[in-house]
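Peer 1: here's a sequence, model it:
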Amino acid sequence: MAEAKPGMRKPVFIKVDQLRPGTSGHTLTVKVVSSKMVLQKGRSDAPQLRQMRIAECMVGDETGIIVFTARNEQVDLMKPDTTVILRNGKIDMFKGSMRLAVDKWGRVEVTEPASFTVKEDNNLSLVEYELVNVVEE
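Peer 2: As a prediction, this is how the structure comes out:
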C-alpha cells in the first residue's frame, strides 16, 4: 500500500457555522456576498513599495456568513457572487468578534459557482465573544 505523504492529507471542508474563536487550518467553500475596501496604502512616489490593500468581505454558505479580511491580491478575487475556496483559513478576533482570514500559509481560489443559497441572517461576526482567562488547575 502506498504511504500517503505527510502534509498531503485531504482537507476537510467545514461550514461557516463551525468556525470558532482562536481556531485555524480551516478549508471552506464560500460565496462572496459583498466586499468593501477599508485600506489602500501605497506611495505614488515609490511604486516599488508594495501596495497594501485590505478589503472586508461578507462571505458565507448555507449555514451563515462571516467577515473575511482580504489582503492585497486576495482583494481582486473577492468579487460579489464569486464562489471561492479558502484554504488554511484562520479566525482572527477583532473587537471581540470573529473575522476569517487567509495568511501566507493559505490560499484563496476561485471555483465554480456553488449551488447553495447563502444564509445571510446568521452573521457570525455579529456574535461578541468575551475574552475569558481559563486558569489551569
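Peer 1: chain center to the longest strand seen in the chain: distance?
Peer 2: Across the chain, the strand with the greatest residue count (assigned by DSSP state E) is strand 24-41. Relative to its chain's centre, strand 24-41 lies at 5 Å (C-alpha atoms, centre = their mean, to the nearest Å).
Peer 1: list the buried residues in that strand.
Peer 2: Neighbour-count burial for strand 24-41 flags 26, 27, 28, 29, 30, 31, 32, 33, 34, 35 (criterion: 16 or more other C-beta atoms under 10 Å). Every C-beta, even on glycine, is put in place using the N, C-alpha and C of the backbone.
Peer 1: how much space separates the first one from residue 106?
Peer 2: Spelled out, that is residue 26. 9 Å (C-beta to C-beta, to the nearest Å).
Peer 1: helix or strand for residue 74, which one?
Peer 2: helix 73-77 (DSSP states H and E).
Peer 1: and that helix, what does it pack onto?
Peer 2: strand 52-61, strand 107-111 (3 or more C-beta pairs under 8 Å, 6 or more residues apart in numbering; DSSP states H and E).
Peer 1: so for the longest one, mean pLDDT?
Peer 2: Okay, so that is strand 52-61. Averaging pLDDT along strand 52-61 gives 96.
Peer 1: angle of that strand against strand 24-41?
Peer 2: Per axes from the mean of the first three to the mean of the last three C-alpha atoms, to 10 degrees, the angle that strand 52-61 makes with strand 24-41 is 140 degrees.
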